[in-house]
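Novice: Let's see this in three dimensions:
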Amino acid sequence: MAKLLQPIRESRLMKELETGKCDDGVTLCLLQMLSRQVGALFLSTLIHQKKCSEWGSLLLSRQIRALREFLCDALRAQIGEGDDDDVNGASSGMAPSAGPGSTTMNSSLIMKEFQKLDQALMILQCGKPSEWIAFRDEVGESPDFDLSKEEIRSVMGLRVDWSKDTIDA
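Specialist: Numbering: from 1, shown residues only. Coordinates of the predicted model:
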């Protein structure tokens, strides 16, 4: 995992964030934008270029989790100590609030940017296509954060051990 994160860890952006030069709200915004782009890039690459087995999806899931944790840790490091779900007493998952000195930062904002990719990984980790039926109700209707039906079919088609007929059933 260290090799996966090394280019990001050594990037100028991350070095600048580590120095504490950015306001907390700017840091959140930058990390959220970075998370959105990275999540979209992985999902696009996955859907358009890669096929995988169940084991491959497990490895990819582990790598994505390490990347997501790295970005959340970068946010927590900027604003100080906090637990995984609640940073500076915020539990709403909302963007920075408007009051003076009341910047609300929550790592769930970063994690939300990976939601589509997480849904794709959940599908790929199913033992067989019919197992997806148990999870499909968890997919919401937000085009920004949830897979569309077309994307779900594309993701299901990535498994090398699933036939098109089985997926269509």
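Novice: would you list every one of the strands in the chain?
Specialist: Here the chain has no strands by DSSP state E.
Novice: mind pulling up the phi and psi values for the residue nearest to the spatial centre of it?
Specialist: In the chain, the centroid-proximal residue (C-alpha atoms, centre = their mean) is Phe114; its distance is 1.9 Å. Per-residue torsions, Phe114: phi -100, psi 10 (degrees, to the nearest 10).
Novice: Tell me which residues touch it, please.
Specialist: Contacts for Phe114 (C-beta atoms under 8 Å, 6 or more residues apart in numbering) come out as Ser35, Gly39, Ile64, Arg68. No exception for glycine: its C-beta is placed from N, CA and C like everyone else's.
Novice: Correct me if wrong: the first one contacts Leu71.
Specialist: Yes - shown here, Ser35 and Leu71 form a contact pair, counting by C-beta atoms under 8 Å, at 5.4 Å.
Novice: anything in contact with each of those two?
Specialist: Common contact partners of Ser35 and Leu71 (C-beta under 8 Å, 6+ apart): Ile110.
Novice: Give me the distance between the residue nearest to the centre of the chain and Asp168.
Specialist: For Phe114, the distance to Asp168 equals 28 Å [C-beta to C-beta, to the nearest Å].
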